[in-house]
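A.B. asks: sequence first, then the predicted structure, then my questions.
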Amino acid sequence: MRTQLRPDRTILREGRVVEDAWIHLNDDDPLPPRGDVVVSLGRLARERDVLLARDGRLGARLETHERAEELAAAVELDALALVVIHVHKFVDGRYYSTARLLRMRHGFTGELRATGDVLPDQLFYMRRVGFDAFSLRPDKSIETALRALRTFTVTYQGAEDGPPLYRRRFADVRDPAA
């Protein structure tokens with residue numbers, strides 16, 4: 001399944017609006033000789049050596065039902081510059097767990113992007129579990145999404161984006177210069 005892109009190919013990356021320069025391939029699309037490409041987990045598993053040897057960065061696309069462990073078994077995650085998690089329906093929260101596992105258990109440090117049925121009111125929470133880029137549903141406003149990312153400025157619970165509030169406050173008491 002090809003990721004549904006916004007007609008203008010804009011994404012939010014680290015709180016900024018940028019153009020998506022990646023080539024998103026279907027399983028039956030020819031592989032271009034160069035350029036940054038995103039392929040499905042299945043294609044990555046079948047064509048791993050060819051994909052790793054080509055000129056350009058490599059990204060993998062996970063569908064909501066595919067697990068972080070499957071991706072880690074298919075390729076060394078350091079070889080990937082981008083992992084795109086396709087959200088089929090926003091009510092299916094498995095993508096939150098997949099993102100958290102990729103970051104915390106598997107140590108993925110590249111760009112982690114949510115695409116598909118991505119809504120502005122989810123972005124703050126998605127960022128907390130490790131997403132740093134978002135391709136909104138085509139009918140949703142980028143400006144609304146940017147505002148949603150700034151809705152909350154303090155979090156109580158610890159997550160991918162920082163330790164719990166009590167630890168931050170304790171650190172401030174111990175080191176007033178912090």
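C.D. replies: Looks like it came in fine.
A.B. asks: if I look at the spatially closest residue to Thr115 that is not a sequence neighbour, what pLDDT would I see?
C.D. replies: Excluding its sequence neighbours, the residue lying closest to Thr115 (Cβ to Cβ, 6 or more residues apart in numbering) is Ser135, at 3.9 Å. Just so you know, the C-beta spots here come from the backbone N, C-alpha and C atoms, and that holds for glycine as well. Ser135 carries a pLDDT value of 92.
A.B. asks: give the contact list for Arg150.
C.D. replies: By Cβ atoms under 8 Å, 6 or more residues apart in numbering, the contact list for Arg150 is empty.
A.B. asks: what's the answer for Arg16, then?
C.D. replies: No contacts exist for Arg16 under Cβ under 8 Å, 6+ apart.
A.B. asks: quick one on the thing from earlier: so the residue nearest to Thr115 touches Asp20, yeah?
C.D. replies: Yes: Ser135 lies in contact with Asp20 (Cβ atoms under 8 Å); the separation is 6.8 Å.
A.B. asks: packing partners of the lengthiest helix in the chain?
C.D. replies: Ranked by residue count under DSSP state H, the longest helix found in the chain is helix 41-53. Applying 3 or more Cβ pairs under 8 Å, 6 or more residues apart in numbering; DSSP states H and E, one finds that helix 41-53 makes contact with strand 37-40, strand 58-63, helix 68-74.
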